[in-house]
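Asker: here's my sequence, what's the structure:
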Amino acid sequence: MRILRHLANRRRTAGSNSTLGMVLAFNAGAINAGGILAMHMYTSHMTGFASQIADGWAFDDTELLLNALGAILAFTSGAATCIVLVNWAHQHRLQSVYALPLLQEALLLVLFALVGSMTLKWNTHYALPVTLLMLSFIMGWQNAISSKSSGGRIRTTHMTGNITDLGMELGNAILPATPRRQTPPDWQRMRICAGLFAMFVFGGMVGAVGFEYVSFVYILPLAIMLLVLAMPPLLRDALRSRCFRKFFHR
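Answerer: Numbering: from 1, shown residues only. Modelled structure (predicted):
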């Protein structure tokens, strides 16, 4: 419970950053698994969408081009909107600097579950883009939370950077640099990267099984998990707010 109280707190430590990163990596893996099963696309894979823009342009495939461009713009908008909220909370000296974005993400996931369960049943050309854009926005939002809270050291919606860092540190462990420029392996970084990768894969397994059996309902436990993480700082800010004190001191 003590760890839970500090995971989304304004004051950050290496331990709270890595633990929150593991939880969010699990969340991202589960959401991505549902995305691939529902839409046959990885909604946080911006490198792939960038390649699709090039392919769509080269082969005059307007649908491919617009879908990829829309996903990138949605992902970027999610990250930008999240940082606006974080900076606003910083300016107002709230303890819930990162709890507010987690709360918002939980609400967005519930909305996505509702929209997804309805639009995928419609035999129109607009069902896929709507769900794709929503999930890309959410993934951009979440990646901004983990990156901002950890000072850019932890990314949770894609594993390319984590696997690269893991490989680099393994290389330093196998053959260190010359004695003049020693580069010892960062074992802590290796553990974090390996943990993020493992939690992402585990979340993907849970999400795939959940979507297979209960469709978009599997999103709801993920939203509840984020809500639980966000509640302690939100409650502290509520208890300290002027309106709350006036209400109970009438």
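Asker: show me what contacts the residue nearest in space to the middle of the chain?
Answerer: By CA atoms, centre = their mean, the mean C-alpha position of the chain lies nearest to residue 142, the distance being 2.9 Å. The contact partners of residue 142, taken as CB atoms under 8 Å, 6 or more residues apart in numbering, are 24, 27, 28, 78, 82, 105, 156, 157. Backbone N, C-alpha and C define where each C-beta goes, glycine included.
Asker: could you pull up phi and psi at it?
Answerer: Phi and psi for residue 142, reported as degrees, to the nearest 10, are phi -70, psi -40.
Asker: which strands and helices sit next to the helix ranked longest in the chain?
Answerer: Counting residues, the longest helix in the chain under DSSP state H turns out to be helix 62-91. Other elements packing on helix 62-91 under the criterion 3 or more CB pairs under 8 Å, 6 or more residues apart in numbering; DSSP states H and E are helix 46-58, helix 99-119, helix 127-149.
Asker: what is the subsequent helix or strand relative to the last one?
Answerer: What it means is helix 127-149. helix 160-174 (DSSP states H and E).
Asker: by how many degrees do that next one and helix 46-58 diverge?
Answerer: Counting by axes from the mean of the first three to the mean of the last three CA atoms, to 10 degrees, helix 160-174 lies at 120 degrees to helix 46-58.
Asker: for helix 160-174, name the packing helices and strands.
Answerer: When contacts are defined as 3+ CB pairs under 8 Å, 6+ apart, helix 160-174 packs onto helix 187-214.
Asker: verify the contact between residue 176 and residue 170 for me.
Answerer: No. Look at residue 176 against residue 170 with CB atoms under 8 Å: they stay out of range, at 11.9 Å.
Asker: tell me the buried residues in the longest helix of the chain?
Answerer: Neighbour counts over helix 62-91 (16 or more other CB atoms under 10 Å) mark 64-65, 67-69, 71-72, 74-75, 78-79, 81-83, 85-86, 89 as buried.
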